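Enquirer: need a structure here:
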Amino acid sequence: SAAMRLNENILLLGKKVVLVPYTSEHVPRYHEWMKSEELQRLTASEPLTLEQEYSMQQSWRDDADKCTFIVLDAEKWQARLSPEESCMAGDVNLFLTDPGDPSLGEIEVMIAEPSCRGKGFGTEAVLMMMSYGVTKLGLAKFEAKIGQGNEPSIRMFQKLHFEQVAVSSVFQEVTLRLTVTEQERQWLLEQTSHVEEKCYRDGLSGSH
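Expert: Alright, predicted model coming up:
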């Protein structure tokens, strides 16, 4: 199942966002974001030390069941005026959560940079990730688990044709699901027809 690691050298260029593999150079900014109590609550995660964050990045990179992209602000990134780290807006992840069903991917997105919220970055990032999951990883079903209080996120997934299938009062989260029928697949490919795939090389950030 090395399939999930296919993205190590892939850059996906959209209209609003650029998706790049999560590398060690992204860790300091990511670490700063995760000091926010609001983000810890929304992502149900504990604060880590910088060292722990680096080893987490390494383990994610080597995890065959997880595919992570950092979401960059495309406009900033295209302008090439600043290092890649300063273009970071958030991240988007796909997990293979069910060993018995390799066609099911759990998707999550976080637009961590406050100035980047409410601009449709999360929507485009999820569409690009789903399209990648369907075309490259052979996924046929997507699930999203979202905190009950996170209305904007729930609405976003519903707009992307996800339907609520469960509510857990214990975890206070809502599970939404999308089954990729032929019709959904066509819609997904149309929504992402503008996306270009390029080669991403560590250390060459900001230059093609």
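Enquirer: okay, buried residues for the lowest-mean-pLDDT helix or strand in the chain please.
Expert: Of all helical and strand segments in the chain, the minimum by mean pLDDT, DSSP states H and E falls on helix 37-43, at a mean of 80. Within helix 37-43, the residues that count as buried by 16 or more other Cβ atoms under 10 Å are Leu42, Thr43. C-beta coordinates here come from the backbone N, C-alpha and C atoms, glycine included.
Enquirer: what residues sit buried inside the biggest helix by length in the chain?
Expert: When every helix of the chain is counted residue by residue (DSSP state H), the longest turns out to be helix 121-136. Buried residues in helix 121-136, counted by 16+ other Cβ under 10 Å: 121-134.
Enquirer: now stretch 13-23
Expert: For stretch 13-23, by 16+ other Cβ under 10 Å, it's Leu13, Gly14, Lys16, Val17, Val18, Leu19, Val20, Pro21, Tyr22, Thr23.
Enquirer: same list (those) but as CSV, adding distance to Arg61, pLDDT and secondary structure.
Expert: What follows is the buried residues of stretch 13-23, written out as CSV (distance: Cβ to Cβ, whole Å; pLDDT from 0 to 100; DSSP: H, G, I helix; E, B strand; the rest coil):
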residue, distance to Arg61, pLDDT, secondary structure
Leu13, 21, 96, strand
Gly14, 22, 97, coil
Lys16, 25, 98, coil
Val17, 20, 98, strand
Val18, 19, 97, strand
Leu19, 15, 96, strand
Val20, 13, 95, strand
Pro21, 8, 92, strand
Tyr22, 7, 91, coil
Thr23, 8, 90, coil
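Enquirer: could you single out the nearest of the residues you listed to Gly105?
Expert: Leu19 (15.1 Å; Cβ to Cβ).
Enquirer: so who does the closest one touch?
Expert: Leu11, Leu12, Phe69, Ile70, Val71, Leu72, Val92, Ala125, Met128, Met129 (Cβ atoms under 8 Å, 6 or more residues apart in numbering).
Enquirer: Phe142 now?
Expert: Leu104, Gly105, Glu106, Ile107, Met130, Gly133, Phe162, Arg177, Leu178, Val180.
Enquirer: quick one: which of these is nearest Tyr30?
Expert: Ile107 (18.5 Å).
Enquirer: SS state for the closest one?
Expert: Following DSSP: H, G, I helix; E, B strand; the rest coil, Ile107 is assigned to strand.
Enquirer: that one: neighbouring residues, count only.
Expert: 24 (other Cβ atoms under 10 Å).
Enquirer: that one against Leu96, yeah?
Expert: No. Using Cβ atoms under 8 Å, Ile107 is not in contact with Leu96, being 11.2 Å away.
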